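Enquirer: sequence and computational prediction follow.
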Amino acid sequence: GLGRFGIYYQEGAANETTIESRFRLIVTATAESDNGLTFGAQVRYQANEHADGYSARTGAFNTPRFWVSTGPFTVSVGNTLGAIENMPNMYTGSIGLTGLGYANVVYNFGADAYTSGSTGRQGIDVIYSSGNWGVHLTYSPDQTTQNTGLTDTNERIAGAVSYTMGNYTFAVGAQSSDVVGDTDFAVTIGGSWGNLDAALQYADNGANDDKYGVAFNYQVGSATFIRGYVNQDNNPAVDDTNAGIGFQHRLGGGTFIEGGVADLAGTTRADLGLRFSF
Amino acid sequence: GLGRFGIYYQEGAANETTIESRFRLIVTATAESDNGLTFGAQVRYQANEHADGYSARTGAFNTPRFWVSTGPFTVSVGNTLGAIENMPNMYTGSIGLTGLGYANVVYNFGADAYTSGSTGRQGIDVIYSSGNWGVHLTYSPDQTTQNTGLTDTNERIAGAVSYTMGNYTFAVGAQSSDVVGDTDFAVTIGGSWGNLDAALQYADNGANDDKYGVAFNYQVGSATFIRGYVNQDNNPAVDDTNAGIGFQHRLGGGTFIEGGVADLAGTTRADLGLRFSF
Amino acid sequence: GLGRFGIYYQEGAANETTIESRFRLIVTATAESDNGLTFGAQVRYQANEHADGYSARTGAFNTPRFWVSTGPFTVSVGNTLGAIENMPNMYTGSIGLTGLGYANVVYNFGADAYTSGSTGRQGIDVIYSSGNWGVHLTYSPDQTTQNTGLTDTNERIAGAVSYTMGNYTFAVGAQSSDVVGDTDFAVTIGGSWGNLDAALQYADNGANDDKYGVAFNYQVGSATFIRGYVNQDNNPAVDDTNAGIGFQHRLGGGTFIEGGVADLAGTTRADLGLRFSF
């Protein structure tokens, strides 16, 4: 799990400066059969301190995920992971204590994505990972056919393939969805040169047009990292540039100081705080 | 706890075939006094994946149960266990991944019963277990007298006695309740012959008439079991026969493949999936 | 955490005698940085068995608290601890299994206080504790400025200082609040003589006038304690005397028998039961 707390600023919000915190508790259970199958299940409890919205004010568990894995294969049922969400380098450029809106993520969450603080969507993931190759397929049915109580009638099928060659990792993803603003296609290319990791990111978000940019992670000292991104979102409702820069200083033992500042289509967000893993 | 997932089919339901899963986390705390009393408390978190109903969509803990035990005696307060629910052989014949409606249980849940995924009823159990004898008394008051917020005015008192003689176990239970459709009386007789366990089950469910049948559990291989039941429910609203058969294959390490098919008063249910314990 | 169960009586209540129980599970996570900072986070799950009110019927986690500490300093963010709530000897005289309404607490909860079973208030505590001295400052902003969903517009700042000299501990607290009935000022003096601990307690509760009294804790045997209090509450809505007496017998291994009886402004409350810590 993790704990984090600090100060969060969002220009133009009803309350621009607020105390930010999050507590996440991860409960994982596993068992192994005699023939080497690994069975697993996980739920996550997450409380955004006192906050409405993403999770209820008094906190809540998300919906569980189950899996069976053997060798390079994993089949996961329940809270969907998402093939496009999990493409290598999709999250390169994530900054600050909170992600500051995660405008660095070019697919704009127009696909299935696992979430620690909400119900997510019920579906199935099939993952193959071996050597330089990775393959991830995701299917989530019309939620109203599943006795889930969810009213989302969208049906999605998505796949992604990645390949690592020397210092470079290439990934391509595609999706079929009933929603016109969902992502149709995404590409990432990441490279690594000494202390610098950088990535090119592109997504065709259907009726929301395309979004593309560059992101980096640079180690400036033994325990200090600078991260940032610049991208262009051609979504007609946005049609603007996003940019952000942030730092992470590692205090050891899984403890961090993190902060950042970002310009999301002209609106400033900033944060600063402490985080630890457990 | 346990995790399970698979496919569930129910004839005539709004969505006949659905993805089935359940995650159960059991939190047990105990302490022991210097004079040998064991104090315990338990809550269970259960999420039927994304599903409404039995537990809320985002999952929930049930209400806690507390106990003190010494030697053969246990006194339990809180979420009621239920004397008739816990009679030996009452659940013989339970099949499949999900129980497929548990039509094998002849008392038709017309008595107090512990549940992992709901509030249950608040009451007291007194249990004595020694050698061949078992005694279980349950009392649950009118719930509206307990500041519980529950609106169930039923008051129940029930008792069961069981005795094991050689390969046979006999059990008799009786209950006084304010609800006319609750169980008045139940009898089970179980026997064991090599790889076969079988049971006769009878319950007089008051205004819902009686229900009786036979159930078995047969070990066909080193790790494979066949289970089944046939019974007649004379409840005027049912007046039909229930039957089911299922298998369990043990993969070792607390992992299982389970499936079954049942005919509940003419309606077919079936399931198949994986389960593991942790 | 803790478990407790027993019988609770409250004169004049809709249901005077009820089954009482509580289950509390404390989840604490910590990490330590290389330079010796301790990071922590805690949530508590509490279920008053089946009961509405203090916590929801199906139980719930409270809101989390986060902290960083180094040497004598601790900074805590989130669910506020409360400087006046945590003054030494403020809780001396607490009796029985349940506290029987905690009428022994003279500040009448007119200040920020941590609670295991509710959302509490979001704020910041700064604590210094070294040798004979203790200092505790608490600030909680208008909750509507924090995107918390809470509607409480009160803003509080409070501080308390304590000093221990030989067998005596002196503590003084003061608070500024927007609510006229909140506590302005509190003083406690505690002393210890062999088997007897006793305390004088005083609070000026603003528009609710003052409340003062005496409380004690006396060890009568190797494992048995008698506790009690008498105080006068000049709150115009009360204008009466509270008194109570209770016992605790320790069974070893963190298990207890506890009970008490109290007169709260003319209304009798009593309880008796078992408690254990884990």
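Expert: Structure's in. What do you need? Numbering: from 1, shown residues only, chains lettered A, B, ... in the order given.

Enquirer: going forward, measure contacts and count neighbours with C-alpha atoms only.
Expert: Noted.

Enquirer: point out the residues in the stretch 101-250 of chain A that sit beside chain B.
Expert: Applying CA under 8 Å from any CA of the partner chain, we find that the stretch 101-250 of chain A lies next to chain B at A:118-119, A:122, A:145-150.

Enquirer: switch to 6 Å and redo it
Expert: Residues of the stretch 101-250 of chain A that fall close to chain B, judged by CA under 6 Å from any CA of the partner chain: A:145-146, A:148-149.

Enquirer: pretty sure A:Gln10 sits against A:Arg269.
Expert: Yes. Contact criterion CA atoms under 6 Å: A:Gln10 and A:Arg269 qualify, at 4.5 Å.

Enquirer: which residues of chain A score low on pLDDT?
Expert: A:49-60 (pLDDT under 70).

Enquirer: what strand or helix carries the nearest residue to A:Phe61 once chain neighbours are set aside?
Expert: Among residues not flanking A:Phe61 along the chain, A:Tyr45 sits closest, at 4.1 Å (CA to CA, 6 or more residues apart in numbering or on different chains). Assessed by DSSP states H and E, A:Tyr45 sits inside strand A:38-48.

Enquirer: the residue of the stretch 1-150 of chain A found nearest chain B: neighbouring residues, count only.
Expert: The minimum distance from the stretch 1-150 of chain A to chain B, using CA to the nearest CA, falls at A:Thr148 (4.1 Å). Other residues near A:Thr148 come to 20 when the count uses other CA atoms under 10 Å in any protein chain shown.

Enquirer: kindly report the same for A:Gly71.
Expert: Each residue near A:Gly71 was counted by other CA under 10 Å, and the total is 11.

Enquirer: what do you get for A:Thr70?
Expert: 14.

Enquirer: my read: it touches A:Phe39, true?
Expert: No. Applying CA under 6 Å, one finds A:Thr70 not in contact with A:Phe39, separated by 9.3 Å.

Enquirer: could you find the closest non-adjacent residue to A:Phe66?
Expert: A:Phe66 sits nearest to A:Ala41 (CA to CA, 6+ apart), 4.3 Å away.

Enquirer: contact partners for that neighbour?
Expert: When contacts are counted by CA atoms under 6 Å, 6 or more residues apart in numbering or on different chains, A:Ala41 is found next to A:28-29, A:65-66.

Enquirer: list the beta-bridge partners for it.
Expert: A:Ala29, A:Phe66 (DSSP bridges).

Enquirer: which ones are touching the residue in the stretch 101-250 of chain A that chain C sits nearest to?
Expert: Per CA to the nearest CA, A:Arg250 is where the stretch 101-250 of chain A lies closest to chain C, at 8.6 Å. Contact analysis of A:Arg250 by CA under 6 Å, 6+ apart lists A:223, A:256.

Enquirer: surely A:Phe216 is in a strand?
Expert: Yes. Membership of A:Phe216 in a strand is supported by DSSP: H, G, I helix; E, B strand; the rest coil.

Enquirer: now name the helix or strand holding the nearest residue to it once chain neighbours are set aside.
Expert: Closest residue in space to A:Phe216, ignoring its immediate chain neighbours: A:Ala198 at 4.2 Å, by CA to CA, 6+ apart. Per DSSP H and E: A:Ala198 is located in strand A:196-204.

Enquirer: list the buried residues of that strand.
Expert: A:197-204 (16 or more other CA atoms under 10 Å in any protein chain shown).

Enquirer: report all helices and strands that that strand contacts.
Expert: Packed against strand A:196-204 by the contact rule (3 or more CA pairs under 6 Å, 6 or more residues apart in numbering or on different chains; DSSP states H and E) you find strand A:185-193, strand A:210-219.

Enquirer: got a markdown table for those, with mean neighbour count and distance to C:Asp178 too?
Expert: A markdown table is the format used below for the helices and strands packed on strand A:196-204 (neighbours: other CA atoms under 10 Å in any protein chain shown; distance: least, CA to CA, whole Å):
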| stretch | mean neighbour count | distance to C:Asp178 |
| --- | --- | --- |
| strand A:185-193 | 20 | 54 |
| strand A:210-219 | 22 | 47 |
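
Enquirer: any idea whether A:Thr144 is helix, strand or coil?
Expert: helix.

Enquirer: which residues touch it?
Expert: A:151, A:153.

Enquirer: swap the cut-off to 7 Å and go again
Expert: A:150-153 (CA atoms under 7 Å, 6 or more residues apart in numbering or on different chains).

Enquirer: what residues does the strand holding A:Ala198 touch?
Expert: By CA under 7 Å, 6+ apart, strand A:196-204 touches A:89-90, A:92, A:106-107, A:183-192, A:210-219.

Enquirer: what about the residue lying closest to A:Met165 once chain neighbours are set aside, distance to A:Tyr163?
Expert: Spatial nearest neighbour of A:Met165, excluding adjacent residues (CA to CA, 6+ apart): A:Asn132 at 7.2 Å. Using CA to CA, to the nearest Å, A:Asn132 is found at 5 Å from A:Tyr163.

Enquirer: between the two, which is the more surrounded one?
Expert: A:Tyr163 (17 against 11).

Enquirer: once you drop chain neighbours, what's closest to the more buried one?
Expert: Per CA to CA, 6+ apart, closest to A:Tyr163 is A:Trp133, 4.8 Å.

Enquirer: just give the number of residues close to the one you found.
Expert: 15.

Enquirer: thought A:Thr169 was touching it, still the case?
Expert: No. When contacts are counted by CA atoms under 7 Å, A:Trp133 is not listed as touching A:Thr169 (9.8 Å).
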